[in-house]
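Trainee: Structure for this input, please:
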Amino acid sequence: MSDALSKILERPRAERLATGFGFTEGPLWHPDGFYYFVDIRANTLFRVTPGQAPELVRADTGEGNGTTFDLQGRLVMCEGSHRRVTRMSGDGRIEVLADRYEGKRLNRPNDVVCKSDGTLWFTDPDLRVPFAERELPYAGVYRIGTDGGLTLMADCEYPNGLAFSPDERVLYVANTRWTQYVHAFELDAAGTVRRRRIFAEMASDDDKNGVPDGMKVDVEGRLFCTGPGGTWVFAPDGERLGIIETPEVPANLCFGGPDLRTLFLTARTSVYTLRVNVPGMAHPWYRVRA
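Mentor: Alright, predicted model coming up:
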């Protein structure tokens, strides 16, 4: 383990909370003391309180993947095979937020984040949709406005996980296929993309060992991105600080616990936690709720 990484981690070993799943994803901490996560293969949404068995929250998620909250604490999910982004109310009612752009069906929404202004940003890669079934000619990053309007913010090769910098002036987007790297989209005060650049390279010859995928940022601006061999940690300037290794290759992560210093990792058949020394960025709803 690198010296830089040893200063980030409170403990070097991850603790497994639950196992026996097909492919875990969509990690999300709820301030009431539990984590949400999905099993993509089983089309299910779970919640787990540390020390207890996971509870089924929803079935038939349409290969649900990335999750977040809106500013009212409602669960937002990318439903890959349903080709839509939805919101679930506290009573379990499902509302479609986005399934078409300019009248054309989305490809396969993958991951989603909430900005402090209430807008929701999601990625929509196209590679896993048969060519004949694609209605949109590109893979994109979209914004759902507070009025419900959908805007294409950028197109990419294969956009996957995404996360905002602490000041929300940079949107990081993982590019998973072909060339593997992390994009940095520089935004103005209105949230318009002004410039795009490569933030970090994450190339690997072995996709089975992981690809650039889920991302989160800590309060000091470090980027945590799951990828080949584990979770890659980058300084705000793009310098790689090290790779956090876990028993299984992770696909996504979130910061949780009352102090937001617990990494919760969804890794293939299991979910794990790992303590860190610096808290993650609080979801905008956490701040509104407080």
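
Trainee: Could I get the full set of helices for the stretch 1-150 of the chain?
Mentor: Secondary structure of the stretch 1-150 of the chain (DSSP state H, counting those that start in this stretch): helices at 3-8.

Trainee: Where does the prediction get shaky in it?
Mentor: Applying pLDDT under 70 to the stretch 1-150 of the chain flags residues 1.

Trainee: tally of neighbours for residue 101?
Mentor: 17 (other C-beta atoms under 10 Å). Every C-beta, even on glycine, is put in place using the N, C-alpha and C of the backbone.

Trainee: ok, now which ones touch it?
Mentor: 136, 140, 142, 150, 152 (C-beta atoms under 8 Å, 6 or more residues apart in numbering).

Trainee: Over to residue 67?
Mentor: Contacts for residue 67 (C-beta under 8 Å, 6+ apart) come out as 26, 27, 28, 36, 38, 45, 75, 76, 77, 78, 112.

Trainee: And for residue 6, nearest residue in space, chain neighbours not counted?
Mentor: residue 12 (7.5 Å; C-beta to C-beta, 6 or more residues apart in numbering).

Trainee: Now do the strand ranked longest in the chain: which elements does it pack against?
Mentor: Secondary structure of the chain read by DSSP state E shows that its longest strand is strand 193-201. Under the contact criterion of 3 or more C-beta pairs under 8 Å, 6 or more residues apart in numbering; DSSP states H and E, strand 193-201 touches strand 150-156, strand 181-187, strand 223-227, strand 230-234.

Trainee: wouldn't residue 240 be in contact with residue 234 here?
Mentor: Yes. The pair formed by residue 240 and residue 234 meets the contact definition of C-beta atoms under 8 Å, at 5.7 Å.

Trainee: Common neighbours of the two, please.
Mentor: Between them, residue 240 and residue 234 share these contacting residues under C-beta under 8 Å, 6+ apart: residue 200.

Trainee: Compare neighbour counts for these two and give me the winner.
Mentor: Neighbour count, other C-beta under 10 Å: between residue 240 and residue 234, residue 234 has more, with 22 against 16.

Trainee: So what sits opposite the more buried one in the bridge?
Mentor: The partner list for residue 234 in beta bridges (DSSP bridges) reads residue 223, residue 240.

Trainee: Per-residue pLDDT of it, please?
Mentor: Looking at residue 234, its pLDDT reads 98.

Trainee: which ones are touching it?
Mentor: Going by C-beta under 8 Å, 6+ apart, residue 234 touches 182, 199, 200, 222, 223, 225, 240, 241.

Trainee: go on, residue 171?
Mentor: By C-beta under 8 Å, 6+ apart, the neighbours of residue 171 are 121, 141, 153, 162, 163, 164, 165, 184, 185, 187, 193.

Trainee: Mind checking which of the residues you listed are buried?
Mentor: For the contacts of residue 171, a neighbour count by 16 or more other C-beta atoms under 10 Å gives the buried set as 121, 141, 153, 162, 163, 164, 165, 184, 185, 187.

Trainee: tell me which of those is nearest to residue 65?
Mentor: Taking C-beta to C-beta as the measure, residue 65 lies nearest residue 162 of those, at 12.2 Å.

Trainee: show me where pLDDT drops low in the stretch 151-290 of the chain?
Mentor: Scanning the stretch 151-290 of the chain for pLDDT under 70 picks out the ranges 205-208, 290.

Trainee: try 90
Mentor: Applying pLDDT under 90 to the stretch 151-290 of the chain flags the ranges 177-179, 190, 203-210, 287-290.

Trainee: CSV please, covering the contacts of residue 234 and showing distance to residue 255.
Mentor: Formatted as CSV, those follow (distance: C-beta to C-beta, whole Å):
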residue, distance to residue 255
182, 18
199, 20
200, 20
222, 11
223, 12
225, 14
240, 20
241, 17
